[in-house]
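> Give me the fold of what follows.
(chains A and B)
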2 protein chains.
Amino acid sequence: MAVDVPSGFRFPAEWERHKQTWIGWPERLDNWRDNAVPAQNTFEEVIRTIAEFEPVTVIVSANSWTQVRERFKDNHNVRVIEMSTDDCWLRDTGPIFIVSRTGESSCQLCGVDFVFNAWGGVKEGCYVNWDKDAMIAWKILELERFKRYVSNLVLEGGAVSTDGQGTLLATEECVLHSNRNPNWSRDMIEKELKLYLGVEKIIWLPLGVYGDHDTNGHVDNLCVFVGPGKVVIHWTEDKEDPQYERSLRAFQILETSRDAKGRSLSIHKLPVPGPFYRTELEASGVISTSQAVDRKVNERLVASYVNFYFANNVLIMPSFGEPWDSEARKIFQSIVPERQIRQVAAREIILGGGGIHCVTQQQPEDA
Amino acid sequence: MAVDVPSGFRFPAEWERHKQTWIGWPERLDNWRDNAVPAQNTFEEVIRTIAEFEPVTVIVSANSWTQVRERFKDNHNVRVIEMSTDDCWLRDTGPIFIVSRTGESSCQLCGVDFVFNAWGGVKEGCYVNWDKDAMIAWKILELERFKRYVSNLVLEGGAVSTDGQGTLLATEECVLHSNRNPNWSRDMIEKELKLYLGVEKIIWLPLGVYGDHDTNGHVDNLCVFVGPGKVVIHWTEDKEDPQYERSLRAFQILETSRDAKGRSLSIHKLPVPGPFYRTELEASGVISTSQAVDRKVNERLVASYVNFYFANNVLIMPSFGEPWDSEARKIFQSIVPERQIRQVAAREIILGGGGIHCVTQQQPEDA
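The predicted structure follows:
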C-alpha cells in the first residue's frame, strides 16, 4: 500500500499569522504541585495573554470542563474543549500544522501526526502511560476536519524550530536519541523530516540545555528562529556553568551554517536566567507516584528565555523575577520591534518540566 | 441581572437544509443489550445513511473513540468527537438550534440549552445520574463557537415538533408533567417556548404513544410536522388497542386547529406497527443495574413510523420487518415525493427506548 505523504506543503514559522492557539490544562498531581493550583493560575495568565491577540482553544479533561469553562466565562476568545490527556504539553502532543505552498491542494492546511513516546519511552520517558497524549494530534485534526498525515518517526513539536522558508533547527541529543528512534539513521530521519515538514535543510546542534533530562535537549529551550536568517540562543559567559560548553558548541555550528536560502545566520544571545533550583516546598507539593518522573528537591530547573511564544502581533516571554528579565526583554524588543512584548511569570511551568512555548501549539491561518 | 434571551430568531423545520447531523453512540450496558453490539451496528447504519446526504458528527466516550474512528475510516463525511455522555440521545440532550430571521444578528445560528433531567428526574427518570448528558448541549455549542441561550425549562428536543413557520406541536403528558416542570403553569411554559424558540402558536395534544413511559409521551413518537400545514400521526383502526383512544384524541384536536399562519392542517395517518414485545432473549442481554430503568421481558415496545428523520434530500424511516413497512413507506413517498426514502431496521434502537429521530440532532445551515 502506498504511504500517504504530504506534497506541496510547507511548515510555517511561528511568527506567521495564526488562526488560533491550542493549549492544554495542567491536571496531573504527580507533576504539578499543590493540587495543580499554582500551575493552573499561571496557565490562565498565559491563555488570557494569548487571547488578547488571537483565539485560544483549551483542552481539558471531562472532570475539569465546567470549572475551566467558568473560569474563562468573561473571555469570548477562549474556547474550552473536552479531550482526554496524560498531561498538557500541546507543543509536543498536538499536530504540527503545515500549509499548502500553492493554494492548489484540496486542503489549504493539514497536520502531521508524529509518534509520541512521552519523551523517551517506557524506561526513560516522563510518564509510564501516554495512550491519551498519543491520540491528541489525531483528535484535534479530526475535530477541525483537517487532513492528517501519519509519520512513524518519534518527534515532538518542541524538538524542531523552523524559519518557514525551508530550514529546520534540531538537536542531535534529542532527535537522534536511542530512546526515540533507535533504528533510524541520521539520513533516514533527515529524509522523513524533509518529506513531512516540507523543509530542505536541517541544521543539527549537538546538545540541548543542561539538565533538560525530560526532553533530552529540545531545541526550543536552546535555540530557535525569530525571523528569516535570525536565531536566538540560550547563552552564558560563565565558563563554570555546565551550560557554557553546550551553548558554545551550538554557537560555533550556527556561525558557519547557511540556511535553506543560502543565508548565514544572525545570532542573538539571550542570557541564561538563574540558575534556579527546586525548593523543598516545591518538591514536597508534588504527589510522587510510580507513574511519572520524580521532581527532586534542589535539582536545577530548565529555565530559558528561548522558550517563548509568538502569537499574532505579540511575543510572550517568561519572566523569573530577576534582573535578566529586563535584559532579555530589551533583546527581544530590538529583534522584533514591530511586536508587543509581554511577560508571564513562568516558574510554575518550569517546575513541571517545560516553558511557555511547550504548552502552546499554533494553528496557522490557512489563507 | 437581565436574562439573556434570543431575539429575532426562529426554530427551523427539520426538513430545511442542514449543515450537519449530530448523533451519539450507544455504550451503556444497562440499556443496550449484548454489550451494545447490535445497537452499535444499527447506529452505524443510521450514520452511514445520513452521511450519504450530509456530514455527521458522532460523539463518543474517550474509551470508544479509536474504535469508532476506525469503524468509519472509509467515510469522509463522518467526524468522531470525544465527549462524555450518560447515553446517546442527542435529540434530547443536544442543543436546539435556532437561526436568525433577518441575518442582521451578530450570529446567524445559535443554540438553546434547556434543562435536561433524564426524562423525569431522580424518581421517574431513565437513569439516576445525568451530569454528563446535561452538559452536552453546552459542549456542542462551545465546540462550534455558537452562542448559547439558557432556559430554565425542562425540555427535550423530542418533546416538540415545529413547522419552521411559528407553530409548535407538543403533548401535555410530557411537557406539562409534574416530573418535568411542576412549578410552571401552562401559560408560563407557553411564554418560555415562544421566547426561546421564536414560535407564536403551540398546539397541545393531550397524550403521547401508549407505553412510552421513558419519555412520558414525546410528541416525536405520536405526531410531527412533515411540511407547512401538514402532519403525520401514529394511527390505528383497532379499537382494542390502547393506542386508539390516544391517537383519536390527538386527531380531533388537530382537525380543528389552525397553525401560526392560520392554516388548517392536513393530517396523514401512519399505521401503528406491531405491536411488538421485548423477547426474553432481548431482555436477558441487558445488564440490569440500579442505575437505569429495567428493560422487562414481554413489555410492549414503543415502535412508531412517526419517529423518522429528515436529512438533506432524504427521509430516513424505521422498518420493522413487517407489511406495514411498505405501507408507511408509500405514505411518506406520497407526502414528500421530492425526497428519497430510506429505511433502516430500527428494532435495536426501539429496545433502548427511542427511535431514529431520537438519536439525531440537525444543525441547520446558517445562511
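
> For the stretch 1-150 of chain A, what lies in contact range of chain B?
A:62, A:65-66, A:69, A:79-84, A:132, A:135, A:138-139, A:142-143, A:145 (C-beta under 8 Å from any C-beta of the partner chain). For glycine as for every other residue, the C-beta is placed from the backbone atoms N, C-alpha and C.

> Return the subset of those lying in strands.
A:Arg79, A:Val80, A:Ile81, A:Glu82 (DSSP state E).

> re earlier: narrow the residues of the stretch 1-150 of chain A next to chain B to those that are buried.
Neighbour counting by 16 or more other C-beta atoms under 10 Å in any protein chain shown classes A:62, A:65, A:69, A:79-84, A:132, A:135, A:138-139, A:142-143 among the residues of the stretch 1-150 of chain A next to chain B as buried.

> Could you identify the most distant pair in these?
A:Arg69 and A:Trp138 (23.7 Å; C-beta to C-beta).

> For stretch A:339-357, list every residue counted as buried.
Buried, per 16+ other C-beta under 10 Å, within stretch A:339-357: A:339, A:341-344, A:346-357.

> sorry, that was for stretch A:258-276
A:Asp259, A:Ala260, A:Leu265, A:Ile267, A:His268, A:Leu270, A:Pro271, A:Val272, A:Pro273, A:Gly274, A:Pro275, A:Phe276.

> Stretch A:309-322 now?
Buried-residue list, stretch A:309-322, by 16+ other C-beta under 10 Å: A:Tyr309, A:Phe310, A:Ala311, A:Asn312, A:Val314, A:Leu315, A:Ile316, A:Met317, A:Pro318, A:Ser319, A:Phe320.

> hang on, the last one packs against A:Pro275?
No. When contacts are counted by C-beta atoms under 8 Å, A:Phe320 is not listed as touching A:Pro275 (10.5 Å).

> Mutual contacts of those two, please.
Contact criterion C-beta atoms under 8 Å, 6 or more residues apart in numbering or on different chains; residues bridging A:Phe320 and A:Pro275 by contacting each: A:Ala303.

> hmm, who's touching the helix ranked longest in chain A?
With DSSP state H setting the assignment, residue counts place helix A:37-51 as the longest helix in chain A. Contact partners of helix A:37-51, identified using C-beta under 8 Å, 6+ apart, comprise A:21, A:23, A:25-26, A:32-33, A:56, A:58, A:71-72, A:75, A:77-78, A:88, A:309, A:311, A:314, A:316, A:342, A:344-349, A:351-352, A:356, A:359-360.

> what's the following helix or strand after that helix?
For helix A:37-51, the following helix or strand on the C-terminal side (DSSP states H and E) is strand A:56-60.

> sorry, back to before: average model confidence for the longest helix of chain A?
Averaged over helix A:37-51, pLDDT sits at 98.

> and the angle for that helix with strand A:56-60?
150 degrees (axes from the mean of the first three to the mean of the last three C-alpha atoms, to 10 degrees).

> Show me how far helix A:37-51 is from its chain's centre.
Per C-alpha atoms, centre = their mean, to the nearest Å, the displacement of helix A:37-51 from the mean C-alpha position of its chain is 16 Å.

> Report how many residues lie close to the residue of the stretch 251-367 of chain A found nearest chain B.
Using C-beta to the nearest C-beta, A:Gln363 is the residue of the stretch 251-367 of chain A that sits closest to chain B, at 13.9 Å. A:Gln363 has 21 neighbouring residues, counting by other C-beta atoms under 10 Å in any protein chain shown.

> pretty sure it belongs to a strand, no?
Yes. Applying DSSP: H, G, I helix; E, B strand; the rest coil, one finds A:Gln363 inside a strand.

> From what I see, it and A:Thr21 are in contact.
Yes. Between A:Gln363 and A:Thr21 there is a contact at 7.1 Å, judged by C-beta under 8 Å.

> so when I look at A:Ile189, I'm seeing a helix, right?
Yes. Checked against three-state DSSP, A:Ile189 lies within a helix.

> Show me where the stretch 101-250 of chain A has its strands.
A:109-115, A:147-154, A:161-162, A:167-171, A:201-205, A:223-227, A:230-235 (DSSP state E, counting those that start in this stretch).

> for the last one, packing partners?
When you say that, I think you mean strand A:230-235. helix A:219-222, strand A:223-227, helix A:243-255, strand A:266-271, helix A:324-335 (3 or more C-beta pairs under 8 Å, 6 or more residues apart in numbering or on different chains; DSSP states H and E).

> go with 7 Å
helix A:219-222, strand A:223-227, helix A:243-255, strand A:266-271 (3 or more C-beta pairs under 7 Å, 6 or more residues apart in numbering or on different chains; DSSP states H and E).

> Give me the contact list for that strand.
Strand A:230-235 is contacted from outside by A:209, A:221-226, A:247, A:250-251, A:254, A:265-272, A:304, A:306, A:335, using C-beta atoms under 7 Å, 6 or more residues apart in numbering or on different chains.

> That strand pairs with which strands?
strand A:223-227 (antiparallel), strand A:266-271 (parallel) (DSSP bridges).

> Throw those into a markdown table and include mean pLDDT, thanks.
A markdown table is the format used below for these (pLDDT from 0 to 100):
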| stretch | mean pLDDT |
| --- | --- |
| strand A:223-227 | 98 |
| strand A:266-271 | 98 |
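
> B:Val150 is nearest to which of the ones you listed?
strand A:223-227 (44.1 Å).

> neighbouring contacts of the closest one?
Here strand A:223-227 makes contact (C-beta under 7 Å, 6+ apart) with A:13, A:15, A:161-163, A:169, A:205, A:231-234, A:250, A:306, A:335-336.

> if you set the cut-off to 6 Å instead, what comes out?
If you take C-beta atoms under 6 Å, 6 or more residues apart in numbering or on different chains as the criterion, strand A:223-227 is touched by A:Ser161, A:Asp163, A:Val231, A:Val232, A:Ile233, A:Ala250, A:Val306, A:Ile335.

> again, but for stretch A:201-216
A:119, A:126, A:167-169, A:171-174, A:177, A:190, A:217-218, A:221-222, A:242-243, A:246, A:249-250, A:253, A:257, A:260, A:300, A:302, A:304, A:353.

> Residue ranges in the stretch 251-367 of chain A under the pLDDT threshold?
A:367 (pLDDT under 70).

> how far away is the residue lying closest to A:Gln340 once chain neighbours are set aside from A:Glu16?
Counting by C-beta to C-beta, 6 or more residues apart in numbering or on different chains, A:Gln340 lies nearest to A:Val314, which is 4.6 Å off, once chain neighbours are set aside. As judged by C-beta to C-beta, to the nearest Å, A:Val314 and A:Glu16 stand 14 Å apart.

> How about stretch A:152-163, which residues are buried there?
In stretch A:152-163, counting by 16+ other C-beta under 10 Å, buried: A:Leu153, A:Val154, A:Leu155, A:Glu156, A:Gly157, A:Gly158, A:Ala159, A:Val160, A:Ser161, A:Thr162, A:Asp163.

> Would you mind listing the buried residues in the longest helix of chain A?
A:38-40, A:42-51.

> cool, stretch A:159-178 as well?
A:159-171, A:173-177.

> number of nearby residues for the closest residue in space to A:Ala250 that isn't next to it in sequence?
Closest residue to A:Ala250 apart from its sequence neighbours, by C-beta to C-beta, 6+ apart: A:Leu205 at 4.3 Å. Around A:Leu205 there are 25 other residues, counting by other C-beta under 10 Å.

> who does A:Leu205 bridge with?
Going by DSSP bridges, A:Leu205 forms beta bridges with A:Thr171.

> Model confidence for it, exactly?
98.

> Next: A:Ser105.
For A:Ser105, pLDDT reads 61.

> Relative to chain B, how far out is A:Lys201?
As judged by C-beta to the nearest C-beta, to the nearest Å, A:Lys201 and chain B stand 35 Å apart.
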